[in-house]
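Visitor: dropping a prediction and its sequence here:
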Amino acid sequence: MSTAAHSAHSSQGKPAKPQAAAKPRTLWSLLLRNRLAAIGLTFIFIWTVIAVIAPWIAPYDPYVTNMANKLQAPSASHWFGTDNFGRDILSRVLYGARISIWTGLIAVGISFVIGVPLGGIAAYYGGRTGTVIMRLMDILLSFPSLVLSMAIAASIGAGLTSAMIAVGIVGIPEFARLMFGQTVSLREKEYIEASRAIGVKNTVILYRHILPNALAPLMVQATLGMGFAILTASSLSFLGLGVKPPIAEWGAMISEGREYIISGQWWLVTFPGLSIATSILGFNLLGDGFRDVLDPRLRSGK
């Protein structure tokens, strides 16, 4: 027998080595593999840490005025300069992160807690109830978001609480319509019909079967909604309908510094503006990353 034949015979006789099973990819690992999502997570992580430890890393008290140091340009003693009251802008930016992130979380929480049940009820029960709920959502969507939030905040009264409520109400239709579409596509599935057949209550079906299967797009909307909430709340503060002075908040800081742009004090609006931009960019990139990694085709490796 030739060497080649003997080698082939030997290779056929040996059992094939079992291939190592591919490790299941977690949502976290998929996000980190997505470059844009990783960048977004980095921005969010940095601002979250800053918001938590701001009292310990701020070089000055953000509310102490010193008129002798007013409108100083960025320097070694004041990295971001000082405002028209001599307050350190870096310290105010760091403290402003706490207000902005907290506002976004509360506003998105309001939108989620109210919008998701309304959308699920409208789609699952249908009929007159569903029509009334969705027409109400259409009415809210017919107004520009900023105009509607301004009207709500003005009717409640200027302040941080009214700004969070206003932004939360404006975001309700987005979650309601998304949940409505998800529920319509899920309510005719076999396991839903089987649950009805054995007498499972409608509320249990909605919260134990439909909601968990609709969470993926809702997570994407919540992440994107954080950026929208931060931007809208900052806009309300810029217009005087959000936080009240002297609270350190990015939109209010831009509002206070806008009249000094022409005279050359660019730092009063630049650093708060960059803070808003990077935080919103982080949540938008993370939302896009969620949308990519939660695609079933990507999760299956196809």
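Guide: That came through, no problem.

Visitor: in a strand, residue 200, correct?
Guide: No: the secondary structure assignment for residue 200 gives coil rather than a strand, going by DSSP: H, G, I helix; E, B strand; the rest coil.

Visitor: ok, now how distant is it from residue 153?
Guide: Between residue 200 and residue 153 the distance, using C-beta to C-beta, to the nearest Å, works out to 42 Å. Bear in mind the C-beta positions are built from the backbone N, C-alpha and C, glycine included.

Visitor: between the two, tell me which one has more neighbours.
Guide: Remark: of residue 200 and residue 153, residue 153 carries more neighbours, 28 against 14, as counted by other C-beta atoms under 10 Å.

Visitor: point me to the helix or strand that includes residue 191.
Guide: helix 190-197 (DSSP states H and E).

Visitor: phi and psi next, for residue 82.
Guide: Backbone torsions for residue 82, taken as degrees, to the nearest 10, come to phi -130, psi 160.

Visitor: how many neighbours does residue 138 have?
Guide: Applying other C-beta under 10 Å, we find 11 residues neighbouring residue 138.

Visitor: give the contact list for the residue nearest to it when sequence neighbours are not counted.
Guide: Once flanking residues are discounted, residue 138 sits nearest to residue 173: 7.7 Å by C-beta to C-beta, 6 or more residues apart in numbering. Contacts for residue 173 (C-beta atoms under 8 Å, 6 or more residues apart in numbering) come out as 115, 137, 138, 140, 141.

Visitor: am I right that the third one is in a helix?
Guide: Yes: with three-state DSSP as the criterion, residue 138 is assigned to a helix.

Visitor: and the pLDDT for it?
Guide: We note a pLDDT of 92 for residue 138 in this prediction.

Visitor: measure it to residue 222 for me?
Guide: Residue 138 is 22 Å from residue 222, where distance means C-beta to C-beta.

Visitor: now swap in the second one and tell me
Guide: When distances are taken as C-beta to C-beta, residue 137 and residue 222 turn out to be 17 Å apart.

Visitor: also the first one?
Guide: Summarising the geometry, the distance separating residue 115 from residue 222, computed by C-beta to C-beta, is 10 Å.

Visitor: where do the contact lists of those two overlap?
Guide: Going by C-beta under 8 Å, 6+ apart, residues that sit against residue 115 and also against residue 222 are residue 175.

Visitor: settle it for me: which of the two has more neighbours?
Guide: Between residue 115 and residue 222, counted using other C-beta under 10 Å, the more crowded position is residue 115 (26 against 23).

Visitor: now the strands for the chain?
Guide: Under the criterion DSSP state E, the chain contains no strands.

Visitor: so where is it shaky, pLDDT-wise?
Guide: 1-28, 30-31, 295-302 (pLDDT under 70).

Visitor: for it, what's the longest helix?
Guide: Looking across the chain with DSSP state H, the single longest helix is helix 89-125.

Visitor: chain center to that helix: distance?
Guide: 8 Å (C-alpha atoms, centre = their mean, to the nearest Å).

Visitor: one more: stretch 204-217?
Guide: 20 Å.

Visitor: restricting to C-alpha, output that stretch in CSV.
Guide: These are the backbone C-alpha positions of stretch 204-217, laid out as CSV (Å, rounded to 0.1, in the frame of the first residue of the first chain):
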residue,chain,number,x,y,z
VAL,A,204,-51.6,38.6,32.6
ILE,A,205,-51.2,38.0,28.9
LEU,A,206,-50.3,41.6,28.3
TYR,A,207,-47.6,41.8,31.0
ARG,A,208,-46.2,38.3,31.0
HIS,A,209,-46.4,37.4,27.4
ILE,A,210,-46.7,40.4,25.1
LEU,A,211,-44.6,43.0,27.0
PRO,A,212,-41.5,40.8,27.4
ASN,A,213,-41.5,40.1,23.6
ALA,A,214,-41.9,43.8,22.9
LEU,A,215,-39.1,45.0,25.1
ALA,A,216,-36.4,45.1,22.5
PRO,A,217,-37.8,48.0,20.4
